[in-house]
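*Asks:* Sequence and predicted structure are below.
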Amino acid sequence: MYVVTAEEMQKMDRHVIDVIGIPAAVLMENAGSAIARDVQEYSRTHGIDKGKRPPRWAILVGKGNNGGDGLVAARHLMENGVDVTLLFAQSPEQLTGEAARQQEIARRLGIPSIVYGTSPVDWRSFDGIVDALLGTGSKGAPRGPYADLIREANASGLPIISADIPSGLDADTGVPHDPCIRAVRTVALAFLKRGLVQTGGLDKAGEVVVRPIGIWPSLADTFGIQTFLLGEQLFRERFRLDPRLPRQADTHKGTYGHVLVVAGSREMSGAGLLCSKAALRAGSGLVTWVMPDALLPALIGHVPEVMLAGLPGKWNLPEARAKLIALVRSRSVTVIGPGLGRFPGDADWLRMLWEETNSPLVLDADALNILADADLSSWPKRETPTILTPHPGEMARLANVTTSKIQQNRIELARSYARRHRLTLVLKGAGTVVAAPDGRAYINPTGNPGMATGGAGDVLAGMIGGLLAQGLPADHAACLAVWLHGSAGDRAAAKRPSGYSLIATDILEEL
Ligand SMILES: NC(=O)C1=CN([C@@H]2O[C@H](COP(=O)(O)OP(=O)(O)OC[C@H]3O[C@@H](n4cnc5c(N)ncnc54)[C@H](O)[C@@H]3O)[C@@H](O)[C@H]2O)[C@H](O)CC1
Ligand SMILES: [K+]
């Protein structure tokens, strides 16, 4: 469940080799044999190995240790009867270190090889490709023969299995360089690299599997790795959350908290509905949706389980403010923003809620836009759970940078923002990042593009409120909500062949 940068991986590699004493050759042998097993398993399960003739795989070999992994994999594949051809990106003499040793072994074994560029490659003579060109030592866009070879491999239409990371993918940010291998599977060695669970990695890496190579996962703790993949293992081991935990018999609605939803406007009342229902579906005992009086009649009876509260006049009138503060103080959690719209003096109004209440707050949608127009660094740090849930565009406004800058390094941007403002930040999008004020960041693997639909964010905000209301710490509530939200979206998509006719209500129904 750890997610590492190239540098963190290299440090742990060095420690295992230089301090623990496991030779690099042993790690490489483990890596190569793991890759070979995945290639054979893929061949069997994808109709390449039908038992009639040996599968034929081209192994693209770079000059570094990634190439070394490929050479070891080639040897193991040959040992198991697979027809292998080595395709060196540059002449074999250029290989260094362990890779050079593996190249010499391959030569002595007579493994067939071609140096790319010396003769045209007949891709039709292969069933698949192993990409062992560039790994965590890659810097910048693939150059020269590496770039040409990547383009040809992608154009071949053959399935590509990548060693450690798809060559051309930035291991830390997931930004795909031009060109970048598009793999059907990536065999991550020892640990998930960040790039595999962010931005481009989700597109380019195909199915990602993590294979042990002799580096204990617990070493990541020793090295203070602060980035994790969300999932049941993390929830059980680190959050000690057991979803099966039964509710005690002698409990009542109050036991499970009371969420106040501050949301909705004439044009966007649905957001408040979705948010309120989601808070209930996430398990909150009670939910009250507060809105200006004028809105209330239209919503009576829509969600019988949700209590409605009206404010005299508009949000920002003195008596409305007083009643709202009283409601916020009397509830366990307040979710602000879905469908709220903007109104004169909204920054003062939000700052009042921020400063004058000690209630856990979830700020979403227009509450984030209000915050972006204010200067958050001049607002006091809150002592109580405060969770912001921006999508990349809202994050760009909050951090005063462009959206593309946000997507360039989502994890570090989210982490630094959460620490600076001492709050929990949920940076939505493919591979949602949850950054906690303690510096930890969590990556969510669940969810799908079908969830890019109006109201999905309102559901998530309500779910976070609902889990907070039941007493979960802010980071746990945000992580579990994000993971469940994506899982529900995946189940909803699976029920629709296109996967893209999802609407937010479907996510709610699947919770
Ligand atoms: N003990 C270990 O370290 C283990 C490493 N494993 C594998 O090794 C790679 C990392 O290997 P490294 O030698 O550091 O770098 P690469 O193999 O990624 O090779 C990069 C190589 O290519 C040149 N290069 C760098 N950037 C570019 C570029 N943009 N275009 C062209 N060429 C480039 C540069 O000269 C480098 O030498 C890791 O991913 C694992 O696959 C094993 O897993 C076992 C343990
Ligand atoms: K690779």
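*Replies:* Nice, thanks for sending it over. Numbering: from 1, shown residues only. Ligands and ions are numbered 1, 2, ... in the order given.

*Asks:* Next, find the distance separating residue 256 from residue 166.
*Replies:* Distance, residue 256 to residue 166, using C-beta to C-beta, to the nearest Å: 45 Å. For the C-beta atoms, the positions are set from N, CA and C on the backbone; glycine is no exception.

*Asks:* quick one: which of those two has more around it?
*Replies:* residue 166 (32 against 20; other C-beta atoms under 10 Å).

*Asks:* got a list of what the closest residue to the more buried one other than its chain neighbours touches?
*Replies:* Spatially, and ignoring its direct neighbours in sequence, residue 166 is nearest to residue 181 (4.0 Å; C-beta to C-beta, 6 or more residues apart in numbering). Neighbour list for residue 181: 131, 133, 150, 153-154, 160, 162, 166-169, 204 [criterion: C-beta atoms under 8 Å, 6 or more residues apart in numbering].

*Asks:* 10 Å - rerun?
*Replies:* Residue 181 sits next to 60, 129, 131, 133-134, 142, 149-151, 153-154, 160-162, 165-169, 204-206 when contact means C-beta atoms under 10 Å, 6 or more residues apart in numbering.

*Asks:* Over to residue 507?
*Replies:* 274, 278, 281, 447, 450-451, 453, 455-456, 459-460, 463, 484-493.

*Asks:* got any ranges where the chain has weak pLDDT?
*Replies:* The chain contains residues with pLDDT under 70 at 242-245.

*Asks:* Point out the residues in it that sit beside ligand 2.
*Replies:* Counting by C-beta under 5 Å from the ion, the positions of the chain adjacent to ligand 2 are 131, 162-163, 167.

*Asks:* returning to that earlier point: what values do phi and psi take at the residue nearest to residue 166?
*Replies:* phi -60, psi 140 (degrees, to the nearest 10).

*Asks:* Equivalent analysis for residue 228, please.
*Replies:* Dihedral angles for residue 228 - degrees, to the nearest 10 - are phi -130, psi 160.

*Asks:* neighbours of it, just the number please.
*Replies:* 21.

*Asks:* these two touch, right, residue 12 and residue 220?
*Replies:* Yes. In this structure, residue 12 is within contact of residue 220 by C-beta atoms under 10 Å, at 7.2 Å.

*Asks:* what do those two both touch?
*Replies:* Applying C-beta under 10 Å, 6+ apart, one finds that residue 12 and residue 220 are jointly contacted by 2, 4, 190-191.

*Asks:* Could I get the contacting residues of the residue in the stretch 201-350 of the chain that ligand 2 sits nearest to?
*Replies:* Going by C-beta to the ion, ligand 2 is nearest to residue 205 of the stretch 201-350 of the chain, at 10.2 Å. Residue 205 makes contacts with 162, 165-166, 169, 174, 176, 180-186, 188, 192-193, 195-197, as judged by C-beta under 10 Å, 6+ apart.

*Asks:* go with 7 Å
*Replies:* Taking C-beta atoms under 7 Å, 6 or more residues apart in numbering, we find residue 205 in contact with 162, 166, 183, 186, 196.

*Asks:* For it, give me phi and psi.
*Replies:* phi -90, psi -10.

*Asks:* and the gap between the closest residue to residue 348 other than its chain neighbours and residue 349?
*Replies:* The spatially closest residue to residue 348, leaving aside those adjacent along the chain, is residue 316, at 7.7 Å (C-beta to C-beta, 6+ apart). Noted for residue 316: a distance of 5 Å to residue 349, by C-beta to C-beta.

*Asks:* ok, the two, which is more surrounded?
*Replies:* residue 349 (20 against 17).

*Asks:* And the strand or helix carrying that one, what does it pack against?
*Replies:* Using DSSP states H and E, residue 349 maps to helix 346-356. On a contact count with 3 or more C-beta pairs under 7 Å, 6 or more residues apart in numbering; DSSP states H and E, helix 346-356 meets helix 318-330, helix 366-373.

*Asks:* farthest-separated two in the shared contacts of residue 12 and residue 220?
*Replies:* 2 and 190 (9.3 Å; C-beta to C-beta).

*Asks:* neighbour count winner among these two?
*Replies:* Neighbour tally, residue 2 and residue 190, criterion other C-beta under 10 Å: the higher count belongs to residue 190, 26 against 21.

*Asks:* I'd say residue 455 and residue 269 touch.
*Replies:* No. The pair residue 455 and residue 269 does not pass the contact test of C-beta atoms under 7 Å, sitting 11.6 Å apart.

*Asks:* in stretch 111-128, what's buried?
*Replies:* 111, 113, 115-116, 121, 126-128 (16 or more other C-beta atoms under 10 Å).

*Asks:* Just after the helix holding residue 349, pick out the following helix or strand.
*Replies:* strand 361-363.

*Asks:* Note down every partner strand of that next one and its orientation.
*Replies:* Strand 361-363 sits in its sheet next to strand 333-336 (parallel), strand 386-388 (parallel), going by DSSP bridges.

*Asks:* any residues touching that strand, and which ones?
*Replies:* 333-337, 371, 386-389, 461, 464-465, 468.

*Asks:* Next, format the residues you listed as CSV and append neighbour count.
*Replies:* As requested, those are arranged in CSV below (neighbours: other C-beta atoms under 10 Å):
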residue, neighbour count
333, 28
334, 25
335, 35
336, 29
337, 30
371, 24
386, 21
387, 27
388, 27
389, 30
461, 30
464, 35
465, 33
468, 31
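
*Asks:* Among these, find me the one that's closest to residue 479.
*Replies:* residue 464 (9.7 Å).

*Asks:* can you tell me the helix or strand for that closest one?
*Replies:* helix 456-469.

*Asks:* CA atoms of that helix as PDB?
*Replies:* Below are the C-alpha coordinates for helix 456-469, written out as PDB (Å, rounded to 0.1, in the frame of the first residue of the first chain):
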ATOM      1  CA  ALA A 456     -21.100  13.400  -8.100                       C
ATOM      2  CA  GLY A 457     -19.200  15.900  -6.000                       C
ATOM      3  CA  ASP A 458     -22.200  16.800  -3.900                       C
ATOM      4  CA  VAL A 459     -22.600  13.100  -3.100                       C
ATOM      5  CA  LEU A 460     -18.900  12.900  -2.000                       C
ATOM      6  CA  ALA A 461     -19.200  16.000   0.200                       C
ATOM      7  CA  GLY A 462     -22.300  14.500   1.900                       C
ATOM      8  CA  MET A 463     -20.500  11.200   2.400                       C
ATOM      9  CA  ILE A 464     -17.500  12.800   4.100                       C
ATOM     10  CA  GLY A 465     -19.900  14.700   6.400                       C
ATOM     11  CA  GLY A 466     -21.800  11.500   7.200                       C
ATOM     12  CA  LEU A 467     -18.600   9.700   8.200                       C
ATOM     13  CA  LEU A 468     -17.300  12.600  10.200                       C
ATOM     14  CA  ALA A 469     -20.600  12.700  12.000                       C
END
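
*Asks:* From the chain's centroid, how far away is that helix?
*Replies:* 18 Å (C-alpha atoms, centre = their mean, to the nearest Å).

*Asks:* try stretch 53-61
*Replies:* The answer for stretch 53-61 is 32 Å, by C-alpha atoms, centre = their mean.
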